[in-house]
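# Make a model of this:
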Amino acid sequence: METRPNVGSYQLYPHRHVKIWFSRDEDIFLNPENRLRLVRLRANNPHDTLSFIYDKSLLSAKAQLNLQQFCMRHNIEALDIADLKKELVTDQEKELMGYVEEEIRHTKDDTGGNFGAASDILRWLSPVYKRGIYSDFDVEITTNNLPELIEVQAPIILNLGTLIVKQFFFTTKGIVNSNDISAVPEPRAAFSSLSEMQSEKISCIQQKILKNYRDKEMNFRKLLTAGDFDSALAGISEQSIAMLGGPTIFAIRQAILRIFSSNESFINFSLSDTMHSVPIMNNLFFRKFNCKFSEAVASGKFQHELQTFFIEQAKKSLRLLSPASDLLSQPDDEFITKTKIKLESEFYKTTVVNYSGPLVIAKALMSWASAIDYEDLRPYSWEHYGLDTNFKSGQQFKFNTSSENYFGKIATLKVGDVCDASWAPEGRAAQKKREACMDSKARLIQFWCREYLHKKHAAQEQDESKKFVARV
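Predicted coordinates for the structure are as follows:
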């Protein structure tokens, strides 16, 4: 009878890496910031295997040539997803690849797709995870001090921690996780049951993603409540749900982008009964706001007066929730704009995080845990093996992190501080700012280099002239 070992059940190869990027610009295979990161990854880990996954259909012939030249120069394997399709094993994987292509197509057509969601799915397909450790571009990797393989005890390794929440006399624990670094180590050949267990875990994650995509009655309420979780949000009105689109995730994303396209459309949406059901801003404010809106409509008030009331009540609410917020000191127009951007980010992220991203993984992890303290999930974390120092993520939290530390850190962060979130509108804007700064610094360096070379050349000419005069 086969026995299951407690130590070294699986073998992790830390020197194999996978990156995924789908370009929004057909003439650029990879944006400048991430290209620089990839060069640095190769320089810091010269002997590691690097695989770069892309979609050929998104790139021009020029960009494809540039990609091949870049990968040859830095010893990187370039893989088109069309080639990965040939390696798919199960019908479940093939169906998931169909949704990857659907996300890409809708993004390309600007009809509600998201490249981040496509990447979320892709990293759980065997042609990808068998090639190595998946990581986002903003993860810092240094493996020079690591052996060829590492014995691990879990079938999947994730960016995982737990959060301790104290409320009155009760203490509860929750899972804090990100899918920015994930690995599927190889089972030891002597134990076939380990391979079966691993297949079950991966299939569990795949099925939870498929459940969302197969849902033909998807709406924003289901996203907020994450499907299987009970929530007071179940009371959100059908009118509000209709405003946020459906029944597909693509329609919901389109509705969000439309609602937050201008300050006026954002305020009009806030005047509905939708926002009081969303735990992003104070419930009391929105109840008052809805009541005041009804009065305003009845008395024929204009948009300006409604906007004035919106600002007054929103700032009053914010002062209670976050008295140190820099939004409170902003001029009215700036206050509305920044509030809109913040809420758009929260709404939009929900359509990826809850649908194909970290929350899907969290639900799988909770189903695997045998105790409510989640301690038996430690072997699934990078921290358990001390590898969180080799694979550094801004989204890492350790086991038993206090809620004060967690929320204290979150409250002080801005987009781009811990992760790029380039799949979200706010994240893309932050990345463009960083790249503009990079470009400005590069131009400055080039200017001073030219100045230096010019002066050096002038000095050499002057020296040669003096020597010539001396000879004459």
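# Which of the three states applies to His47?
coil (DSSP: H, G, I helix; E, B strand; the rest coil).
# So for it, what's the nearest residue that isn't a sequence neighbour?
In this structure, His47 finds its nearest non-sequential neighbour in His15, 6.9 Å apart by CB to CB, 6 or more residues apart in numbering. C-betas here are computed from N, CA, C, even on glycine.
# Could you report the neighbour count for Asp48?
Asp48 has 20 neighbours, counted by other CB atoms under 10 Å.
# how much space is there between it and Glu140?
According to CB to CB, to the nearest Å, Asp48 and Glu140 sit 14 Å apart.
# got it, and Ile157?
17 Å.
# more crowded one of these two?
Ile157 (25 against 15).
# what's the pLDDT at that one?
With respect to pLDDT, Ile157 has a value of 96.
# Thr162 is in what secondary structure piece?
strand 157-167 (DSSP states H and E).
# Which strands and helices lie in contact with that strand?
In terms of contacts (3 or more CB pairs under 8 Å, 6 or more residues apart in numbering; DSSP states H and E), strand 157-167 is packed against strand 170-183, helix 358-368, strand 401-402, helix 403-411.
# If you count neighbours, what's buried in that strand?
Buried positions in strand 157-167, judged by neighbour count with 16 or more other CB atoms under 10 Å: Ile157, Leu158, Asn159, Leu160, Gly161, Thr162, Leu163, Ile164.
# Which member of these is positioned nearest Phe397?
Gly161 (3.8 Å; CB to CB).
# Give me the nearest residue to the closest one, chain neighbours excluded.
Nearest to Gly161 is Phe397, by CB to CB, 6+ apart, at 3.8 Å.
# Count residues in the vicinity of that neighbour, would you?
Neighbours of Phe397 under the rule other CB under 10 Å: 23.
# For stretch 395-408, list every residue counted as buried.
In stretch 395-408, counting by 16+ other CB under 10 Å, buried: Gln395, Gln396, Phe397, Phe399, Thr401, Tyr406.
# for those residues, which one is nearest Tyr10?
Taking CB to CB as the measure, Tyr10 lies nearest Phe399 of the buried residues of stretch 395-408, at 20.0 Å.
# Name the helix or strand for the closest one, please.
Assigned by DSSP H and E, Phe399 belongs to no helix or strand.
# what's the pLDDT at it?
For Phe399, pLDDT reads 90.
# So it is in contact with Thr162, correct?
Yes: using CB atoms under 8 Å, Phe399 makes contact with Thr162 at a distance of 4.9 Å.
# Could you tell me which residues touch both of these two?
Tyr374 (CB atoms under 8 Å, 6 or more residues apart in numbering).
# count of residues packed around Pro247?
Neighbour tally, Pro247, other CB under 10 Å: 12.
# Apologies, that question was intended for Glu383.
By other CB under 10 Å, neighbour count at Glu383 equals 17.
# what does Tyr452 give?
Tyr452, neighbours per other CB under 10 Å, totals 10.
# which element is it on?
Here Tyr452 is assigned to helix 425-471, by DSSP H and E.
# list the helices and strands that helix packs on?
helix 32-44, helix 332-353.
# how about a markdown table for these, with mean neighbour count and distance to Trp423 added?
Shown next, in a markdown table, are the helices and strands packed on helix 425-471 (neighbours: other CB atoms under 10 Å; distance: least, CB to CB, whole Å):
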| stretch | mean neighbour count | distance to Trp423 |
| --- | --- | --- |
| helix 32-44 | 16 | 13 |
| helix 332-353 | 19 | 6 |
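# Using CSV, lay out the ones you listed together with distance to Gln460.
Listed next are those as CSV, based on distance: least, CB to CB, whole Å:
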stretch, distance to Gln460
helix 32-44, 33
helix 332-353, 54
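# With mean pLDDT and distance to Thr107 as added columns, please give these in TSV.
Below are the helices and strands packed on helix 425-471 laid out as TSV (pLDDT from 0 to 100; distance: least, CB to CB, whole Å):
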stretch	mean pLDDT	distance to Thr107
helix 32-44	95	17
helix 332-353	81	12
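# Centre-most residue in this protein?
Ala421 (4.4 Å; CA atoms, centre = their mean).
# looking at this, that residue is in a strand?
No: counting by three-state DSSP, Ala421 is not part of a strand but coil.
# What about the closest residue to it other than its chain neighbours, how many residues nearby?
Once flanking residues are discounted, Ala421 sits nearest to Gly427: 3.2 Å by CB to CB, 6+ apart. By other CB under 10 Å, 19 other residues sit near Gly427.
# On the pLDDT front, check Gly427 for me.
Value listed for Gly427 in the pLDDT field: 84.
# quick one: it from Glu435, how far?
Separation of Gly427 from Glu435 (CB to CB): 13 Å.
# and the buried residues of stretch 395-408 as CSV, adding distance to His74?
What follows is the buried residues of stretch 395-408, written out as CSV (distance: CB to CB, whole Å):
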residue, distance to His74
Gln395, 26
Gln396, 27
Phe397, 32
Phe399, 36
Thr401, 37
Tyr406, 37
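# Now the two most distant members of the residues you listed.
The widest separation within the buried residues of stretch 395-408 (CB to CB) is 14.8 Å, between Gln395 and Phe399.
# Tell me where the stretch 351-472 of the chain is predicted with low confidence.
For the stretch 351-472 of the chain, applying pLDDT under 70 flags the ranges 407-418, 447, 461, 466, 468-469, 471-472.
# hang on, the earlier thing: make TSV from the helices and strands packed on strand 157-167 and add distance to Gln68 to it.
Output for the helices and strands packed on strand 157-167, formatted as TSV (distance: least, CB to CB, whole Å):
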stretch	distance to Gln68
strand 170-183	27
helix 358-368	33
strand 401-402	44
helix 403-411	41
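# can you tell me which of those comes nearest to Gln460?
strand 170-183 (51.5 Å).
# Would you quantify the distance from Asp333 to Glu375?
Asp333 sits 50 Å away from Glu375, going by CB to CB.
# Just to be sure, Ala78 is in a helix?
No: read with three-state DSSP, Ala78 is strand and lies in no helix.
# Local confidence estimate at it?
pLDDT, Ala78: 97.
# Which residue is the nearest non-sequential neighbour of it?
Going by CB to CB, 6+ apart, Ala78 has Cys71 as its nearest residue, at 4.4 Å.
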